[in-house]
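**Student:** sharing a model prediction with you, sequence too.
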Amino acid sequence: MHKKFILLFVLVFLVACSSEGNEDTGGEKANDTNVETEALTLSSEILFSYDHEDAGDYYLMSIQTDTDGEGIIFTEVEEIDRVTDYYTYFINHNDEVIEGISLADDLDQERRCTNMFLSPNGQYLVYDCHDDGIEFSIYDLEQEEIIHQIPDFEIYVQDIVGISNDLTVYLQSTNDDGDEQFTLYDVDNETSEHYIFDDIFDLEYPSFNTITPTDDGQKIFFDAITALFILNLDTGTVDEIANVEPLWETFDDDLIFIYNATISPDGKYAYYNISDNSSDTDYSEYVFHNLETGEIDSYAEFDYQTVRNFDLHGNLLIEADDQLYLYNFETKETRVVPDIALDRHSGYMTIAHNGQFIVYTGKVKNDDDTYTQHLYRVALGDTSTYQTTNLPVKATVDREPIEPLEDDQISLHDASLNEVEVLNELWQDSTQVMYPTEFPEDLSHINNSFSGEPSDRDFTQFIYFDTGKVSSNRNDLNFSASIVENDDKCIELSDLEVVKTIDGVDYYFYDYRNADVEAGVRIANVCYIIKAEDYTEEEMLSMIESLEPIDTVFYDLPSDQFKFPTKFPIANPEARYPTLRSNQNGDSFSYSISYYGDEENDIKMVVDRRNNEPKLYMSEKHGFAVDVDGWDEAYFSEFSMELILFDGTDYYSIDLAISDDMVEALGIDELSKLYTEIGASFN
């Protein structure tokens with residue numbers, strides 16, 4: 001088996017487009033083409049090739065391009081003897097294919113470079129080769145050299161999301177309080193700006209499938225699966241694009257989610273599919289959303305295989321069976337991309353943002369029954385001459401306008417609840433699981449984060465060590481114990497392999513080869529897992545085998561210091577879904593509680609207590625100070641639509657699930673009074 005890099009400019013497709021006539025499919029015209037179209041010539045080049053033996057043991061994936069389609073990133077996947085290896089490559093402006101690991105300080109390391117992204121103009125490449133002491137690096141494709149190597153951050157970097165033309169790196173990170181956040185790192189000035197997810201998003205548990213910056217770096221698109229948002233960096237505001245929670249209420253089904261969400265590189269258009277993930281509700285909606293005008297075209301059926309991505313001209317690349325289409329959001333025309341022959345081995349169709357190229361992968365079978373995988377780049381030419389057809393959709397979904405709200409639709413109700421009991425029960429339930437007692441490094445401190453309803457508890461520990469090194473992957477690790485129903489599987493263990501069995505109990509381990517290692521075990525109805533970096537299999541198994549029960553809780557809960565509201569925008573509120581956090585070996589405690597009701601006009605409320613000052617607190621740009629009885633300070637944030645209260649020691653926040661329509665109907669002044677009345681009710 002051997003690898004060969006090929007640059008060919010020899011494949012020329014002659015495309016003769018002619019009148020096809022009309023076909024009637026399901027009562028709608030499936031093909032309405034131009035009567036006359038001049039012959040087209042599409043040129044294609046092979047950028048990369050690889051010879052291999054079996055059809056399924058090698059493929060290419062995860063194609064990215066810069067705006068002009070000249071700089072390209074892709075990943076190759078090869079499986080030999082049930083061992084899967086990943087290699088990341090990039091193609092520079094000279095069409096040279098370069099393996100990412102060649103940029104690493106340690107060329108002999110086994111881990112591949114990951115989190116590799118191109119700036120839109122194709123000049124900069126950000127990546128993480130997992131070199132000791134280096135958080136990430138930046139390569140200049142024009143100078144053909146590494147221009148920056150950023151030392152390890154004090155905060156934990158979960159993922160690199162991208163890089164801008166002006167050397168701003170986009171990161172998903174976690175601060176010292178365990179809060180997940182979006183981070184902008186200015187490489188030239190070595191400064192960071194953070195947006196804590198809990199502060200800017202109205203989500204109970206903010207978690208994102210994808211985070212996508214626009215090409216100009218002014219907007220960030222967040223796909224939370226249940227909702228879509230745009231963070232406007234110039235104003236610091238967040239726009240909600242879509243939210244499926246109203247559908248949950250309509251169909252009494254909380255398994256309706258958002259899939260395949262993608263945004264245009266200029267932030268003007270979005271496509272997404274809303275559908276049910278269960279057999280209870282046969283709901284599906286395919287949404288074409290003009291974000292500039294607010295216009296939405298929504299369909300119940302869409303005959304396609306994959307929706308790919310946008311260019312800067314409003315064209316959405318669509319793959320349907322063996323054919324590619326370009327649907328334009330402005331003209332609402334669908335054009336047939338000619339003579340790119342697709343088969344079951346074709347994949348990862350990607351249109352360059354300038355709309356001039358499509359890059360994709362394909363495979364051919366050779367005479368000796370071996371295979372060759374190719375990476376193609378096809379020049380599209382003048383797409384306005386492509387024949388047109390109907391978008392393969394049916395059954396328009398009518399979106400009924402939201403009724404305007406009256407001022408008296410939000411009312412407050414008095415109630416004294418059992419929050420202390422709820423938190424104490426959660427804290428006491430921590431004795432139902434076991435915890436690791438032996439570690440390969442000297443223990444520094446442990447932060448606990450316990451959460452969930454009684455039938456679905458999760459007990460997580462963030463464990464920190466004194467390794468003697470300021471920057472080391474061995475400085476910390478995560479341990480989690482989750483209680484499951486007896487017949488449920490441990491989802492966290494599904495990617496791990498059984499490596500040993502002790503007294504009939506299977507112990508799991510997996511080395512992801514990018515420094516990440518995980519070890520776990522299921523004992524009775526509890527799933528245990530440890531996630532770390534740069535620890536050996538022996539060390540990980542030693543920790544997971546050291547699990548021991550605890551007779552009493554770790555620390556006494558200072559519940560007499562906790563404050564709770566007694567007024568709610570809920571007729572009969574219930575305290576649900578608690579989260580309780582202890583930091584620095586019990587030196588401080590924070591918590592979060594959600595309040596729910598069953599009435600139509602009830603508004604979900606979340607109260608959060610934290611020890612550190614929230615981001616943008618007392619920012620005149622994003623809100624204003626208010627007077628609230630019983631508090632030293634109070635601040636109403638228009639940015640995150642929450643009231644933040646300070647008692648001289650801790651910060652409490654009130655977050656109501658209020659839609660943009662409610663905000664518009666009631667106005668900021670009325671809403672701030674509503675929040676203030678709730679804040680004054682704390683005791």
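**Tutor:** It's in.
**Student:** show me the shaky parts of the chain.
**Tutor:** In the predicted model, the chain carries pLDDT under 70 at residues 1-41, 81-82, 109-110, 278-281, 398-409, 486, 513-514.
**Student:** any chance you could map the helices in it?
**Tutor:** For the chain, applying DSSP state H gives helices covering 197-200, 245-251, 419-429, 537-545, 660-666, 668-680.
**Student:** what is the first one packed up against?
**Tutor:** Spelled out, that is helix 197-200. strand 180-186 (3 or more CB pairs under 8 Å, 6 or more residues apart in numbering; DSSP states H and E). All C-beta atoms are positioned from the backbone trio N, CA, C, and that covers glycine.
**Student:** please redo it, this time with the cut-off set to 10 Å
**Tutor:** strand 180-186, strand 237-243, strand 605-610, strand 642-646, strand 651-656 (3 or more CB pairs under 10 Å, 6 or more residues apart in numbering; DSSP states H and E).
**Student:** equivalent analysis for the second one, please.
**Tutor:** Counting contacts by 3+ CB pairs under 10 Å, 6+ apart, the secondary-structure elements packed against helix 245-251 are strand 256-263, strand 269-276.
**Student:** with the fifth one instead?
**Tutor:** The helices and strands touching helix 660-666, judged by 3+ CB pairs under 10 Å, 6+ apart, are strand 237-243, helix 668-680.
**Student:** swap in 8 Å and give it another go.
**Tutor:** In terms of contacts (3+ CB pairs under 8 Å, 6+ apart), helix 660-666 is packed against helix 668-680.
**Student:** centre of the chain to the helix it packs on, how far?
**Tutor:** Per CA atoms, centre = their mean, to the nearest Å, the displacement of helix 668-680 from the mean C-alpha position of its chain is 33 Å.
**Student:** so what touches that helix?
**Tutor:** 407, 410, 412, 565, 567-569, 605, 624, 626-631, 634, 636, 638, 641-643, 645, 652, 654, 656, 658, 662-663, 666 (CB atoms under 8 Å, 6 or more residues apart in numbering).
**Student:** now stretch 545-558
**Tutor:** Judged by CB under 8 Å, 6+ apart, the contacts made with stretch 545-558 from elsewhere in the structure are 423-424, 427-428, 430-431, 433-438, 448, 502, 507, 521, 523, 528, 580, 582, 585-586, 589.
**Student:** any buried residues in it, and which?
**Tutor:** Within stretch 545-558, the residues that qualify as buried by neighbour count (16 or more other CB atoms under 10 Å) are 545, 547, 553-554, 557.
**Student:** follow-up on the earlier one: could I get the helices and strands packed on helix 245-251 in a markdown table, plus columns for mean neighbour count?
**Tutor:** Putting these into a markdown table (neighbours: other CB atoms under 10 Å) gives the following:
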| stretch | mean neighbour count |
| --- | --- |
| strand 256-263 | 20 |
| strand 269-276 | 20 |
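**Student:** count of residues packed around residue 491?
**Tutor:** 11 (other CB atoms under 10 Å).
**Student:** now it: how far from residue 198?
**Tutor:** Using CB to CB, to the nearest Å, residue 491 is found at 24 Å from residue 198.
**Student:** give me the neighbour count for residue 462.
**Tutor:** Each residue near residue 462 was counted by other CB under 10 Å, and the total is 20.
**Student:** from residue 248, how far out is residue 172?
**Tutor:** Distance of residue 172 to residue 248, computed by CB to CB: 26 Å.
**Student:** residue 595 too?
**Tutor:** Separation of residue 595 from residue 248 (CB to CB) stands at 17 Å.
**Student:** higher neighbour count, the two?
**Tutor:** Legend: neighbour count by other CB under 10 Å for residue 595 and residue 248, higher for residue 595 (24 against 16).
**Student:** wouldn't the more buried one be in contact with residue 576 here?
**Tutor:** Yes. Distance between residue 595 and residue 576: 7.2 Å, which falls inside the contact criterion (CB atoms under 8 Å).
**Student:** what's the spacing between residue 660 and residue 235?
**Tutor:** On the measure of CB to CB, residue 660 and residue 235 end up 15 Å apart.
**Student:** oh sorry, the question was meant for residue 99
**Tutor:** As for residue 99, its distance to residue 235 is 41 Å (criterion: CB to CB).
**Student:** how many other residues sit next to residue 536?
**Tutor:** Quick note: residue 536 (other CB under 10 Å) scores 12 neighbours.
**Student:** wait, what's in contact with it?
**Tutor:** If a contact means CB under 8 Å, 6+ apart, then residue 536 has residue 517 as its contacts.
**Student:** hey, where'd the strands end up in the stretch 351-500 of the chain?
**Tutor:** Assigned strands in the stretch 351-500 of the chain, in chain order: 357-365, 371-379, 388-389, 393-396, 413-414, 434-435, 442-451, 458-466, 476-483, 497-502 (criterion: DSSP state E, counting those that start in this stretch).
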